[in-house]
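Asker: 3D, please:
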Amino acid sequence: MSWRFITCAALFVTCLLTANTIATKLITVGGVVLTAGIVIFPLSYVLGDVLTEVWGYAAARRVIWLGFACNALMVVAIWVGAEVPPAPFWKGQGAYEEILGQTPRILAASFAGYLAGEFANSFVLAKLKILTRGRWLWTRTIGSTLVGQAFDTVIFVTLAFAGTVPAGALAALVIAQWAVKVAYEAAATPLTYAAVAYLKTSEQVDTYDDATDFNPMRL
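Answerer: This next block holds a predicted model:
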């Protein structure tokens with residue numbers, strides 16, 4: 001693969017890891033409570049769209065699994081770092097655990113939502129590209145995000161918070177998170193167009209997944 005593909009993959013993984021690290025902070029945007037991860041996580045969907053549009057579903061599938069593996073490695077490293085006894089003079093153990101530590105339930109919800117959402121996003125975009133024969137890129141980027149972010153948000157919020165918050169509040173949280181993420185993708189459409197045009201020209205590639213095996217488990 002080219003340096004451009006490696007750069008896109010690296011940016012994708014960086015966005016994912018950064019979002020999961022800063023997501024412990026809750027923020028308010030227009031009166032809506034969100035996690036701080038919202039400032040960068042939707043960018044991973046933009047990059048996922050670019051990867052699928054230019055190099056195809058199979059290439060995006062490898063990057064999605066790479067992101068999952070890197071995230072798992074980070075979680076293990078953070079856990080080990082918390083378990084190792086701190087130096088006697090260091091007073092930040094509580095802050096370390098509060099900011100970086102996550103409960104197993106939250107981690108499981110995050111992993112499940114990420115895999116379902118990213119694979120749904122890539123699958124829908126690849127299928128729509130075949131259906132439209134490469135026209136109307138905006139329909140693919142926004143359409144795939146509508147589906148992918150729905151899977152991600154519903155799975156994560158439900159698995160992470162069901163039973164701990166009222167059903168009405170849970171539904172409101174899902175809708176708010178999903179709407180903001182989709183709006184983010186729509187706003188980034190000009191950036192997506194520019195990146196796709198540059199990469200297709202530079203790489204001399206424009207993949208159509210007519211004969212692709214869409215099994216997400218196949219590497």
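Asker: doesn't Trp65 make contact with Phe119?
Answerer: No: in this structure, Phe119 is not within contact of Trp65 by CB atoms under 8 Å, at 9.6 Å. In short, each C-beta sits where N, CA and C put it, glycine included.
Asker: who has more neighbours out of these two?
Answerer: More crowded of Phe119 and Trp65, by other CB atoms under 10 Å: Phe119, with 21 against 16.
Asker: what's the closest non-adjacent residue to that one?
Answerer: Nearest non-adjacent residue to Phe119, counting by CB to CB, 6 or more residues apart in numbering: Pro216, 4.6 Å away.
Asker: phi, psi of that neighbour?
Answerer: The phi/psi pair for Pro216 (degrees, to the nearest 10) reads phi -70, psi -20.
Asker: ok, it - how many residues close by?
Answerer: Neighbours of Pro216 (other CB under 10 Å): 17.
Asker: for this protein, what helix or strand is lowest in average pLDDT?
Answerer: Least confident helix or strand of the chain, by mean pLDDT, DSSP states H and E, is strand 32-35 with a mean of 78.
Asker: strands paired with that one, and their directions?
Answerer: strand 26-29 (antiparallel) (DSSP bridges).
Asker: count of neighbours near the spatially closest residue to Ile142 that is not a sequence neighbour?
Answerer: With sequence-adjacent residues excluded and distances taken as CB to CB, 6+ apart, Ile142 is closest to Ala186, at 5.7 Å. Ala186 has 14 neighbouring residues, counting by other CB under 10 Å.
Asker: check what contacts the helix or strand containing Ala186 and list those residues.
Answerer: Here Ala186 is covered by helix 167-187, with elements defined by DSSP states H and E. Residues outside helix 167-187 that contact it (CB atoms under 8 Å, 6 or more residues apart in numbering): 29, 32-34, 38, 41-43, 45-46, 49, 141-142, 145-146, 149-150, 152-154, 157-158, 161-162, 165.
Asker: tell me the first helix or strand C-terminal of it.
Answerer: helix 189-203.
Asker: elements contacting that following helix?
Answerer: Helix 189-203 sits against helix 3-22, helix 41-55, helix 137-161, with contacts defined as 3 or more CB pairs under 8 Å, 6 or more residues apart in numbering; DSSP states H and E.
Asker: what about these, which gets the closest to Ile106?
Answerer: Ranking those by distance to Ile106, with CB to CB as the measure, places helix 137-161 first at 5.3 Å.
Asker: report the angle between the axes of that closest one and helix 189-203?
Answerer: Angle of helix 137-161 versus helix 189-203, following axes from the mean of the first three to the mean of the last three CA atoms, to 10 degrees, is 110 degrees.
Asker: off-centre distance for helix 137-161?
Answerer: 9 Å (CA atoms, centre = their mean, to the nearest Å).
Asker: for it, which residues meet the burial criterion?
Answerer: The neighbour-count check on helix 137-161 (16 or more other CB atoms under 10 Å) flags 137, 140-161 as buried.
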